[in-house]
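Visitor: Got a sequence here, can you build the structure:
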Amino acid sequence: MLGAFFLALITLFSPAHAQTRPEIISAKPDSVAVTIYRDPARGNGGGFNLDYLNGFAVVTEKRTISVPAGPATIRFAGVAEGMVAVSAVIRGLPGGIIEQNRDKKLLSPGSLVDGTLGNRVTLRRTDPATGEQVEQQAVIRSGSQGALVVQTNGGIEALQCSGLPEKVIYQDLPGGLFATPVLSVDTVSPEAATAEVTLTYLAAGFDWNADYVVKLGADGKSLDLFSWLTLANGNAESFAEAELLVIAGTLNIRRPMQQIADKPQATPLYIQCWPRGSTARGIFEPPPPPPPPPPPAFAPAMRARTGAVRGEAAEAIMVTASRNVEAELEALGDLKLYRVPFRSTVAAKGQKQVKLLSKADVPARMVYRGNAGGYGEEPGPLEIEVRMDNKTATGLGLPLPSGRISVFDGSADNGLLIGQGRMRDYAVGQEVKFTIGQSDAVQLASKHTLVASKGGWDGYALKLTNANPEPVTAEIDLAAVADSDLRKASGRTIRKDGKHVWRVEIPANDSVTLTYESRSKYR
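Guide: Residues are numbered from 1 along each chain as shown. Okay, here's the model as predicted:
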């Protein structure tokens with residue numbers, strides 16, 4: 001048996017082998033798992049552009065493949081177009097792998113022409129004298145760029161320049177062309193076998209984000225927190241009934257995946273003809289054809305149900321929260337892994353939302369924030385900041401990945417939107433803070449009262465006004481940096497995050513003032 005294996009290996013590299021090697025095509029995986037990592041440079045959220053997703057995924061496919069004895073080429077069709085081919089790991093082939101290649105040419109009108117250059121095709125055309133369809137043999141003499149030149153019994157001519165219907169019929173599919181991206185491997189198996197093969201690889205063109213929906217309680221002291229897990233696939237391939245996982249945390253990526261993903265090319269076909277009247281005079285130029293009719297009103301909905309065509313961005317987001325289950329949290333070293341507890345399809349050029357978490361009656365508070373250095377004598381609005389403690393005792397106690405936040409007023413029956421913001425990553429035990437907008441009802445004015453006195457002290461007077469019918473809490477940073485000294489404050493101040501902070505409650509429809517002196521430690 002061992003001698004037969006080495007004999008097959010020697011045969012693999014013989015000149016005649018290239019024509020006798022059997023080819024096995026695995027059309028699609030039996031099952032697939034997709035683990036998505038966020039774009040590390042995207043920040044605390046934001047929308048997706050499906051054509052420029054800078055996150056990536058680890059794709060794991062299981063395929064059942066019948067392998068013949070001896071040398072063979074196995075083609076894994078339907079891999080992601082953003083596949084990083086050098087990252088591919090294949091396990092389960094009886095003979096291992098001799099060579100691995102990424103097939104870069106996709107089936108397209110241009111690649112058909114290029115692949116058939118110099119070969120015979122059939123032309124189906126309309127006879128200008130009778131109007132009947134006729135067929136004739138021809139040989140393609142040009143590539144996909146410029147005029148499509150063919151040679152027939154009548155001579156050499158440019159196709160599709162007569163203004164009448166003309167069609168090229170190919171006898172055979174040129175070698176090396178595939179309708180979907182393909183990874184090919186050469187193997188030598190000691191015996192024929194049906195093997196369960198696992199293919200794992202990195203792929204560019206993925207991303208994910210957390211989207212939070214907050215409903216403030218009518219008492220102003222609690223909130224309901226709901227979060228979507230939004231996954232995006234910018235590849236032209238769908239992953240049907242996939243096991244879905246996402247990773248929260250920041251990896252040290254030395255080079256963006258988009259730069260090392262060698263995407264296959266679908267060559268376009270450019271057909272050009274001599275303009276009428278440019279080679280002869282007196283030829284009448286007919287008017288342009290009328291524009292095509294508009295698509296039916298149901299077309300977008302149909303695309304949402306059937307999936308986007310290759311190269312067309314999907315217009316809908318598929319929501320799969322009806323099962324009322326949440327993504328399951330697991331530890332992955334210093335990272336966090338969220339596992340969707342059911343299989344679901346990630347459509348090509350599409351987005352999907354699944355439920356991440358749902359918490360009710362979480363204690364919260366609203367604080368109005370500002371920095372004294374950013375205000376002048378003319379009053380200006382303060383930022384509205386929502387805060388909550390990420391502890392089990394408060395009803396949270398979960399790692400919260402960064403994402404976008406929409407906040408609704410819970411006192412209104414129809415839940416009116418009152419602000420939007422973004423949130424960074426928060427660990428368990430931290431105070432969660434996010435800004436949802438500015439308040440014209442709570443404003444700050446700052447006046448410089450003493451300039452560069454002896455010792456470098458500057459004097460200020462601050463005035464906070466509250467036009468709300470209820471009291472509010474405000475926090476004002478008294479210096480832009482933490483390294484500053486403070487003296488002669490007329491009210492109570494605290495130290496927070498290294499800075500001097502004026503924390504005060506402003507009565508309803510009233511105002512409060514503070515005077516103080518400060519100087520930088522680097523004077």
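Visitor: which intervals of the stretch 301-450 of the chain have sub-threshold pLDDT?
Guide: 301-324, 412-414 (pLDDT under 70).
Visitor: Where does the residue lying farthest from the centre of the chain sit: helix, strand or coil?
Guide: Distance from the C-alpha centroid of the chain, by CA atoms, centre = their mean, peaks at K454 (57.4 Å). At K454 the chain is in coil, as set by DSSP: H, G, I helix; E, B strand; the rest coil.
Visitor: what's the spacing between it and E517?
Guide: 11 Å (CB to CB, to the nearest Å). For the C-beta atoms, the positions are set from N, CA and C on the backbone; glycine is no exception.
Visitor: cool, V428 as well?
Guide: Taken as CB to CB, the span from V428 to E517 is 40 Å.
Visitor: G455 too?
Guide: G455 is 9 Å from E517, by CB to CB.
Visitor: more neighbours, these two?
Guide: When neighbours are counted by other CB atoms under 10 Å, G455 and E517 differ, and E517 comes out ahead with 18 against 10.
Visitor: Touching, K391 and Y426? I think so.
Guide: No. With contact defined as CB atoms under 8 Å, K391 and Y426 do not form a contacting pair (11.2 Å).
Visitor: Between these two, which is the more surrounded one?
Guide: Y426 (19 against 15).
Visitor: who touches the more buried one in this structure?
Guide: By CB atoms under 8 Å, 6 or more residues apart in numbering, the contact set of Y426 is 390, 399-400, 432.
Visitor: Bridged to it, which residues?
Guide: Per DSSP bridges, the residues bridged to Y426 are L400.
Visitor: and what of G155?
Guide: T152.
Visitor: cool, and S222?
Guide: Under the criterion used here (DSSP bridges), S222 is bridged to P363.
Visitor: Can you name the residues that contact it?
Guide: Neighbours of S222 in contact, by CB under 8 Å, 6+ apart: 216, 361-364.
Visitor: before we move on, back to that, take the contacts of Y426 and write them to CSV, including neighbour count.
Guide: Converted to CSV, the contacts of Y426 look like this (neighbours: other CB atoms under 10 Å):
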residue, neighbour count
N390, 19
P399, 18
L400, 24
V432, 18
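Visitor: quick one: which of those is nearest to Y201?
Guide: Of all the contacts of Y426, Y201 sits closest to P399, with 27.9 Å by CB to CB.
Visitor: I'd like to know how far that closest one sits from L337.
Guide: Distance from P399 to L337, by CB to CB: 10 Å.
Visitor: Identify the contacts common to those two.
Guide: 248, 329.
Visitor: Q259: what secondary structure?
Guide: helix.
Visitor: circling back: in the contacts of Y426, find the pair that's most separated.
Guide: Across the contacts of Y426 (CB to CB), the longest gap, 11.1 Å, separates P399 and V432.
Visitor: Only alpha carbons, please: show stretch 455-467 as PDB.
Guide: Extracted in PDB, the C-alpha atoms of stretch 455-467 (Å, rounded to 0.1, in the frame of the first residue of the first chain):
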ATOM      1  CA  GLY A 455       1.000  83.300  40.800                       C
ATOM      2  CA  GLY A 456      -0.800  82.600  37.500                       C
ATOM      3  CA  TRP A 457      -4.300  82.400  38.900                       C
ATOM      4  CA  ASP A 458      -7.300  83.100  36.600                       C
ATOM      5  CA  GLY A 459     -10.800  83.900  38.000                       C
ATOM      6  CA  TYR A 460     -14.100  82.700  36.600                       C
ATOM      7  CA  ALA A 461     -17.800  83.100  37.200                       C
ATOM      8  CA  LEU A 462     -20.200  80.400  35.900                       C
ATOM      9  CA  LYS A 463     -24.000  80.600  35.700                       C
ATOM     10  CA  LEU A 464     -26.200  77.500  35.100                       C
ATOM     11  CA  THR A 465     -29.900  78.000  34.100                       C
ATOM     12  CA  ASN A 466     -32.600  75.400  34.100                       C
ATOM     13  CA  ALA A 467     -35.800  76.100  32.100                       C
END
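Visitor: Check the model's average confidence along that stretch for me.
Guide: Per-residue pLDDT values across stretch 455-467 average out to 91.
Visitor: Just the buried residues of that stretch, please?
Guide: Buried residues in stretch 455-467, counted by 16 or more other CB atoms under 10 Å: 457-466.
Visitor: could you dump those residues to CSV with distance to R141 and secondary structure?
Guide: Formatted as CSV, the buried residues of stretch 455-467 follow (distance: CB to CB, whole Å; DSSP: H, G, I helix; E, B strand; the rest coil):
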residue, distance to R141, secondary structure
W457, 88, coil
D458, 83, strand
G459, 87, strand
Y460, 83, strand
A461, 86, strand
L462, 82, strand
K463, 84, strand
L464, 82, strand
T465, 82, strand
N466, 82, strand
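Visitor: Looking at these, which is nearest N371?
Guide: L462 (11.0 Å).
Visitor: Show the contacting residues for the closest one.
Guide: L462 sits in contact with 372, 444-447, 476, 502, 513-516, where contact means CB under 8 Å, 6+ apart.
Visitor: Which residue, other than its chain neighbours, is closest to it?
Guide: L514 (4.6 Å; CB to CB, 6 or more residues apart in numbering).
Visitor: and if you look at R365?
Guide: R387 (5.3 Å).
Visitor: beta partners of that neighbour?
Guide: R365, K433.
Visitor: Can you get me a residue count around it?
Guide: R387: 15 neighbours (other CB under 10 Å).
Visitor: Would you mind measuring from it to E431?
Guide: Taking CB to CB, one finds R387 at 6 Å from E431.
Visitor: same question, T345
Guide: 39 Å.
Visitor: Looking at stretch 30-48 now, give me its mean pLDDT.
Guide: 82.
Visitor: buried sites along that stretch?
Guide: Under 16+ other CB under 10 Å, the buried positions of stretch 30-48 are 32-39, 42, 44-45, 48.
Visitor: do stretch 500-516 as well
Guide: 500-502, 504, 506, 512, 514-516.
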